[in-house]
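> Kindly return the folded structure for what I paste below:
(one chain, ligands or ions: 2)
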Amino acid sequence: MSTTIELTGGGAPASAGPAEGGEIRCADLVRIFATDGVEVQALQGLTLTVEPGEIVAVVGASGSGKSTLLTILSGLDTPTGGSAVVAGTDLLTMGHAERVRYQRSTVGFVWQQTSRNLLPYLTATENVRLPLELAGALPRRERARRVEALLELLEVGHVAGRRPGEMSGGEQQRTAIAVAAANNPRVLLADEPTGELDEATSVEVLEALRGVNRETGVTTLIVTHDPTVSEHVARTVQIRDGRTSTETLRRTEVDEHGAERHVAEEFAVVDRVGRLQLPQDFVHALDLRDRVRLALEPDHVGVWPAAPGQTAEPHPPVEPHTPVEPHSPVEPVETPTEEDR
Ligand SMILES: Nc1ncnc2c1ncn2[C@@H]1O[C@H](COP(=O)(O)OP(=O)(O)OP(=O)(O)O)[C@@H](O)[C@H]1O
Ligand SMILES: [Mg+2]
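Ligands and ions are numbered 1, 2, ... in the order given. Next up, the predicted model:
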């Protein structure tokens, strides 16, 4: 599969620019954990903007900072630095009362462990009703109607009277999504919601999240190891070493014969001060290390390995050169259509 890397800018993805607008706005987010005198920089200046109503997947290797990001966005943890604003709430400065309100009604959360999402001694109906009761929302009869509608939306109406132990893993996760969506949150966060499920059940749960996003317009962020998640969402953000490194945008194009095809394009993310991560295969292909030479061309930036002997010089001279073709012209990547799958 060929990969297309394009610097963000102009008609680029929403997260590329400064943190203006957006339901989720993180800029230069830093989270440092200090345990036994050892510092771990879990987030190293992460920048991400998610627009209202968008559904975005966050992928990345184990330890790249995905859960750290979601735990901060859920209001369970506070970042060390940077800024994070969700649905107008500043997560760095909110007080205790505001934090409780934020967790009860602004965000909904689905965890990987099915057992963590639902109370084992309550039925599906009682589990979904609980957050409505805690928030004191809706009169009793309307509550019952809302619970029923949510269970129907998530296609788990048939397990309404069952406890989690009497449901399959997929039914438990879909009920968990109903619980997370109960109070009409503005943002729905899911950390590896399919981590304990087989492939077919994972697809059902991802489709359920997409269905809730479509029906209610709730801004949705799904964290996963699973790279195939990007087939279910229009935008996938890749985290590497605590920073957003690339984004994959999908769209459907109709060709001159009226046939539909899905196109995926990968973009590198540039933060507010112009930093970007070069993809590892580019770095390895040209053995880029320590320092590189850059040149500004009318429509692109060139990156060259420093010539041997130049690596020790503090300021390698920038020599005039002839413009070159971009390394990777934009090449749509064909992906399977719904019918192909
Ligand atoms: N409470 C903590 N104390 C110390 N270090 C932590 C803590 N939580 C996370 N870390 C470290 O921060 C880094 C990022 O962890 P995080 O859990 O966010 O990764 P992840 O991308 O969710 O990984 P996985 O895919 O395995 O769930 C890791 O190096 C981890 O060891
Ligand atoms: Mg994690």
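> Low-confidence bits of the stretch 1-150 of the chain, can you list those?
The stretch 1-150 of the chain contains residues with pLDDT under 70 at 1-20.
> Contact residues of this structure facing ligand 1?
Applying C-beta under 6 Å from any ligand atom, we find that the chain lies next to ligand 1 at 33, 35, 40, 42, 60, 62-68, 225. In this view, the C-beta of every residue, glycine as well, is placed from N, C-alpha and C.
> For these, could you give me JSON lines that also reports secondary structure?
Output for the residues of the chain next to ligand 1, formatted as JSON lines (DSSP: H, G, I helix; E, B strand; the rest coil):
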{"residue": "Phe33", "secondary structure": "strand"}
{"residue": "Thr35", "secondary structure": "strand"}
{"residue": "Val40", "secondary structure": "strand"}
{"residue": "Ala42", "secondary structure": "strand"}
{"residue": "Gly60", "secondary structure": "coil"}
{"residue": "Ser62", "secondary structure": "coil"}
{"residue": "Gly63", "secondary structure": "coil"}
{"residue": "Ser64", "secondary structure": "coil"}
{"residue": "Gly65", "secondary structure": "coil"}
{"residue": "Lys66", "secondary structure": "helix"}
{"residue": "Ser67", "secondary structure": "helix"}
{"residue": "Thr68", "secondary structure": "helix"}
{"residue": "His225", "secondary structure": "coil"}
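> of these, buried ones?
Buried residues within the residues of the chain next to ligand 1, counting neighbours by 16 or more other C-beta atoms under 10 Å: Ala42, Gly60, Ser64, Gly65, Lys66, Ser67, Thr68.
> what's the farthest-apart pair in those residues?
Ala42 and Gly60 (11.6 Å; C-beta to C-beta).
> Report the rounded mean pLDDT for the longest helix anywhere in the chain.
Ordering each helix of the chain by length in residues (DSSP state H) puts helix 199-216 first. On average, the pLDDT along helix 199-216 is 90.
> chain center to that helix: distance?
Centre-to-centre, helix 199-216 and its host chain are 15 Å apart (C-alpha atoms, centre = their mean, to the nearest Å).
> same thing with stretch 295-306?
How far stretch 295-306 lies from its chain's middle: 30 Å, per C-alpha atoms, centre = their mean.
> With stretch 36-51 instead?
From the chain centre to the centre of stretch 36-51 is a distance of 14 Å (C-alpha atoms, centre = their mean).
> Report the buried residues of that stretch.
Applying 16+ other C-beta under 10 Å to stretch 36-51 flags Ala42, Leu43, Gln44, Gly45, Leu46, Thr47, Leu48, Thr49, Val50 as buried.
> and the residues you listed as JSON lines, adding distance to Glu148 and secondary structure?
Conversion of the buried residues of stretch 36-51 to JSON lines gives the following (distance: C-beta to C-beta, whole Å; DSSP: H, G, I helix; E, B strand; the rest coil):
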{"residue": "Ala42", "distance to Glu148": "41", "secondary structure": "strand"}
{"residue": "Leu43", "distance to Glu148": "40", "secondary structure": "strand"}
{"residue": "Gln44", "distance to Glu148": "46", "secondary structure": "strand"}
{"residue": "Gly45", "distance to Glu148": "45", "secondary structure": "strand"}
{"residue": "Leu46", "distance to Glu148": "40", "secondary structure": "strand"}
{"residue": "Thr47", "distance to Glu148": "41", "secondary structure": "strand"}
{"residue": "Leu48", "distance to Glu148": "36", "secondary structure": "strand"}
{"residue": "Thr49", "distance to Glu148": "36", "secondary structure": "strand"}
{"residue": "Val50", "distance to Glu148": "30", "secondary structure": "strand"}
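> show me where the stretch 101-250 of the chain has helices.
114-117, 124-134, 140-153, 169-181, 199-216 (DSSP state H, counting those that start in this stretch).
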